[in-house]
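> below are the sequence and a predicted model for it; my questions follow.
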Amino acid sequence: MSYCNEIKINMIDGNDDIHAIRYLIFDSGIAKRWIDLINSNNKESNTITSDIKNWNVEQINTIKDKLDECVNIINKDYDTPLPTHGDKKLLDTEILNFLHEEFEVYGDRIEDLTVTNPVEWWNHKLHDAFLKLNSYIHLYEDLLLIKNEGGFPNMSALIDYLPGGRHEELQDIDYLFMTTQFKWGGLYLGYNTLGKDYLGVFKDNDLEVLERDQVRPQQHFASESWLNFNSGRETNVWTMIKWEKWYNSLSTELQAKIPVNSRRHLGLGRIYIGELDLKHLPLRESIEPQLDKWNQECQSQWNKKVFTTFTGIHSIEILR
């Protein structure tokens, strides 16, 4: 494997201790351009932000409460009240899809509400509540899948710099590095797009988004990156075999809406830019000191014992 850089993503735990996760960055054009964005943000001393998903399935009701908290904040000012579901023991995909559709509707209205026809009731607190609502929807979906089917404690982190808005267009050749086979410990570009792509539509079987022509494949990227600590099993939901079977199950009319003849316009997956340096993984030796014995059970234990302690990100360092 050919690498162009090595980086450290310095995570903070609940005791404010720092744990450095090292990544080897691929010697690809898109990965090099991402490194350039990281360097620029570091030189400008921009603020790093993170969205860490390291909840366990026992906390699913807490996430439901947080969803309702977001809705309550939104409903104080928003002109289209959203329903809460505090009386339900468990939310289903129909409810979650509805809330996500309302998030997309809000996203489509932002420019009109704030620039074209500004309204007095729009505010940053409402906007932040919508962003958090979207995040909690996806987190609840992940925990619901584990609760219903059991299995691996999927975890991840989305990292970016503030102020946002700085991004670059993806080139056709960049899509060669887009994959649906997400490895545990893999480093990927963030989606950096408002709405659902064809993976999200497939995962939720959200045919209404497809019918409304509201699917939004990724066309640009930013410094945003996704640290994947979900299961890397070949049998997981993100396999091309399952996606193909889902596609073949659709009507001819819906199939015609999916550009399977264009890698760029299909945008199926995330762009792979680096892999974990397992040798330097924080607290790895407390799980299993021998690298050749590191397996999925070790990954699961590391998620539960180590990744669950992370509360934020301190910095990103380019080592070489």
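Nice, thanks for sending it over. Numbers count the residues shown, from 1 in each chain.
> break down the chain into its helices, ranges please.
Listed from the start of the chain, the chain has helices (DSSP state H) covering 29-43, 60-75, 93-111, 124-149, 198-204, 207-211, 240-249, 252-255, 263-266, 284-287, 296-305.
> please work out which of the ones you listed is packed deepest.
With neighbours defined by mean count of other C-beta atoms under 10 Å, none of the helices of the chain is more surrounded on average than helix 198-204, at a mean of 20. For the C-beta atoms, the positions are set from N, CA and C on the backbone; glycine is no exception.
> can you list contacts of that one?
Residues external to helix 198-204 that are found in contact with it (C-beta atoms under 8 Å, 6 or more residues apart in numbering): 93, 96-97, 100, 141, 180, 196, 206-207, 209-210, 215, 217, 237-238, 242-243, 246-247, 258, 266-269.
> again, 6 Å this time
Where contact means C-beta atoms under 6 Å, 6 or more residues apart in numbering, the residues beyond helix 198-204 that reach it are 93, 97, 209, 210, 215, 243, 246, 268.
> if we can go back for a sec, tell me which of the helices of the chain sits nearest to residue 185.
Residue 185 lies closest to helix 296-305 among those, at 7.7 Å (C-beta to C-beta).
> circling back to that earlier point, dump the helices of the chain to CSV, plus distance to residue 312 and mean pLDDT.
What follows is the helices of the chain, written out as CSV (distance: least, C-beta to C-beta, whole Å; pLDDT from 0 to 100):
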stretch, distance to residue 312, mean pLDDT
helix 29-43, 17, 95
helix 60-75, 17, 94
helix 93-111, 24, 90
helix 124-149, 15, 87
helix 198-204, 26, 86
helix 207-211, 32, 87
helix 240-249, 34, 90
helix 252-255, 41, 95
helix 263-266, 35, 94
helix 284-287, 21, 95
helix 296-305, 17, 93
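> and stretch 76-92, how far apart are its ends?
25 Å (C-alpha to C-alpha, to the nearest Å).
> next one: stretch 185-203
For stretch 185-203, the first-to-last residue distance is 21 Å (C-alpha to C-alpha).
> beta partners of the nearest residue to residue 226 once chain neighbours are set aside?
Residue nearest to residue 226 in three dimensions, not counting chain neighbours: residue 188, with 4.5 Å by C-beta to C-beta, 6 or more residues apart in numbering. The partner list for residue 188 in beta bridges (DSSP bridges) reads residue 226, residue 272.
> could you tell me which residues make contact with residue 188?
Applying C-beta under 6 Å, 6+ apart, one finds that residue 188 lies in contact with 226, 270, 272.
> neighbour-wise, which of those residues leads?
With neighbours defined as other C-beta atoms under 10 Å, the most crowded of the contacts of residue 188 is residue 270; it has 24 neighbours.
> leaving out the residues flanking it, which one is nearest to it?
Setting aside the residues directly before and after it, residue 270 is nearest to residue 188 in space (C-beta to C-beta, 6+ apart), at 4.0 Å.
> cool, and residue 35?
Nearest in space to residue 35, with sequence neighbours left out and distances taken as C-beta to C-beta, 6+ apart, is residue 5 at 5.4 Å.
> count of neighbours near the spatially closest residue to residue 231 that is not a sequence neighbour?
Setting aside the residues directly before and after it, residue 231 is nearest to residue 152 in space (C-beta to C-beta, 6+ apart), at 3.6 Å. Residue crowding around residue 152 was assessed by other C-beta under 10 Å; the count is 18.
> do you know the pLDDT at the closest residue to residue 240 other than its chain neighbours?
Leaving aside its chain neighbours, residue 240 sits nearest to residue 180 (5.7 Å; criterion: C-beta to C-beta, 6+ apart). pLDDT, residue 180: 90.
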